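Asks: Need the 3D shape of this:
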Amino acid sequence: MINSLLYLLITSIFILDWLFFRYGIGVRQITWLPEFISIVIAVSIPFKMAIIKQTHIPIKYTFLLFLYIANLLVGFFLNDVSAWTMLSGLRIYTKFIPVFLLPLIFPFSTQDFKKITIIIFILAMIQFPIVLWQRFVEFSTKGGDPVGGTLGVHASGVLSIFLLIIISFLIAFYFKKKISLPIFLLSFAASFIPTTLNETKITFLLLPITMIFPAIFIKDIKKTIFRIMLVILILVASFFILKGIYNHFQSQTWGYGIETFVTMPGRVAHYNRKRIDPIKNSIKNAVKDIRFLFFGRGAGNVSEGFTKKLNGKYVREGIYYGAKSVSFTKLMWEIGTMGIVLIYSFLFFVFLDSSKLCKKDDFSGAFSLGMLSFSMFFFLSMFYTETLEQNIFVYIFFLAAGQIAYLHDSKKSIETVI
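Replies: Okay, here's the model as predicted:
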């Protein structure tokens, strides 16, 4: 049953928002299905723990989760957050916890987790034909911004980051000899081409990292040198293809390409201000009060809810200062530096565990090598988009992080026995 719920959750985050917000299919409540499934999992966990009387939750993650929830509660208390706003805040900031705990309480077999990986891979590959339709038919006169595949409205940046993460996993599995060269090349093409059609500048920065980063953690580079060289050649070719396609579409719309954009006086500065200024403002406003600096203004207290009842008391202020522009600013406003440190500590531990597991040559080693890039992209994306409000990132990352925590704990247990 748990596996079926998980398959439904994964499929729903790719499909439901797209169908409702893009085409008006269904009702608004159906887009809450991932959260409902998360609640069902949360309710199931205590019953399972009572039966098995043991868990695989490492102490470091238990401690982090305890401090994280305590930080949310302190923020509620210090800011006198209303009950409805608390509910909204808890939905945003805790919905990923049950999914993280899932592999630690309901351990997956290697075959089960392979199935989950394959489902995500198939859903990622489906983006290719949908993006072609959107770019050349549905939004042929509207540029690349609406081209977000099934990931939502105006989700071009989110789609690019997601597909670059998929590419990093493909490279990891190719380096570990878990997929053949033809499958790697075909899958790479299906993942890469959509990132060239939605005209996202972030792809220029992240593509080299995507393709080079996994090679840094290869245990025996001599045995993988030819695969690494091939990936570098593909990177060079891909970069020129990306530049050519981007310039083609941008020239039609604006009359200039990426080179002119970068060298045009004030253009990059204007582009950066949309993200950098809100970050500066979030810090300036936080230092005015030590409560705000350490614990924020309360989870959900700067967010707009589905109804006015769920709106926080600082919604207008948040809109004025661009608090919702990227995840870092929203975290600074709502859960403060303590909350940010705890979330980044979590990412660091996942990265550290992945770096230890990626030395293995089996499926778990290949998956862990991919998770190194995923952890880094999750961190970087917080300065680019609303990461914690993107179900595609939150649910998949924390599910994968839970599996990494389980594999690392199992590895330590075996070493202890030996």
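Asks: in the chain, which helix or strand is least confident?
Replies: helix 258-263 (a mean of 74; mean pLDDT, DSSP states H and E).
Asks: Counting neighbours, what do you get for residue 219?
Replies: 13 (other Cβ atoms under 10 Å). Bear in mind the C-beta positions are built from the backbone N, C-alpha and C, glycine included.
Asks: just to revisit the earlier point, name the residues of the helix or strand just after the least confident helix or strand of the chain that come out as buried.
Replies: On the C-terminal side of helix 258-263, the closest following helix or strand by DSSP states H and E is helix 267-286. Neighbour counts over helix 267-286 (16 or more other Cβ atoms under 10 Å) mark 275, 278-279, 281-282, 285-286 as buried.
Asks: ok, now stretch 78-96?
Replies: Per 16+ other Cβ under 10 Å, stretch 78-96 contains these buried residues: 78-79, 81-82, 84-86, 88-96.
Asks: Need the residues that contact it.
Replies: Applying Cβ atoms under 8 Å, 6 or more residues apart in numbering, the contact partners of stretch 78-96 are 34-35, 38, 69, 72, 75-76, 291, 295-301, 303, 305, 309-313, 334-335, 388-389, 394-395, 397-398.
Asks: ok, back up a step: want to throw the buried residues of helix 267-286 into TSV with distance to residue 55 and pLDDT?
Replies: Below are those laid out as TSV (distance: Cβ to Cβ, whole Å; pLDDT from 0 to 100):
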residue	distance to residue 55	pLDDT
275	39	77
278	39	89
279	38	90
281	42	90
282	36	91
285	40	89
286	36	90
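Asks: what about the helices in the stretch 101-250 of the chain?
Replies: In the stretch 101-250 of the chain, the helices defined using DSSP state H, counting those that start in this stretch lie at 110-133, 156-175, 181-197, 202-216, 221-253.
Asks: ranking the ones you listed by burial, who's on top?
Replies: Of those, the one with the most neighbours on average (mean count of other Cβ atoms under 10 Å) is helix 156-175, at a mean of 25.
Asks: Which other helices and strands does that helix contact?
Replies: Where contact means 3 or more Cβ pairs under 8 Å, 6 or more residues apart in numbering; DSSP states H and E, helix 156-175 is packed against helix 110-133, helix 181-197, helix 202-216, helix 221-253, helix 363-381, helix 391-417.
Asks: Make a markdown table out of those helices and add mean pLDDT and distance to residue 61.
Replies: Formatted as a markdown table, the helices and strands packed on helix 156-175 follow (pLDDT from 0 to 100; distance: least, Cβ to Cβ, whole Å):
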| stretch | mean pLDDT | distance to residue 61 |
| --- | --- | --- |
| helix 110-133 | 95 | 18 |
| helix 181-197 | 96 | 30 |
| helix 202-216 | 93 | 24 |
| helix 221-253 | 90 | 31 |
| helix 363-381 | 96 | 14 |
| helix 391-417 | 82 | 6 |
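Asks: want to throw those into CSV with distance to residue 339?
Replies: Listed next are these as CSV, based on distance: least, Cβ to Cβ, whole Å:
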stretch, distance to residue 339
helix 110-133, 28
helix 181-197, 31
helix 202-216, 25
helix 221-253, 36
helix 363-381, 15
helix 391-417, 15
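Asks: Nearest approach to residue 163 belongs to which of those?
Replies: helix 181-197 (4.6 Å; Cβ to Cβ).
Asks: Show the contacting residues for residue 219.
Replies: 358-359.
Asks: What backbone torsions are found at it?
Replies: Main-chain torsions, residue 219, degrees, to the nearest 10: phi -70, psi -50.
Asks: What's the separation between it and residue 368?
Replies: Taking Cβ to Cβ, to the nearest Å as the measure, residue 219 falls 12 Å from residue 368.
Asks: residues shared between the contacts of those two?
Replies: Here residue 219 and residue 368 share the contacting residues residue 358, scored by Cβ under 8 Å, 6+ apart.
Asks: Now do the buried residues in stretch 61-75.
Replies: Quick answer for stretch 61-75 (16+ other Cβ under 10 Å): 61, 64-65, 68, 71-72, 74-75.
Asks: Would you check that residue 25 makes contact with residue 18?
Replies: No. Residue 25 is beyond contact range of residue 18, at 9.0 Å (criterion: Cβ atoms under 8 Å).
Asks: More neighbours: these two, which one.
Replies: Shown here are residue 25 and residue 18; by other Cβ under 10 Å, residue 18 has more neighbours (20 against 12).
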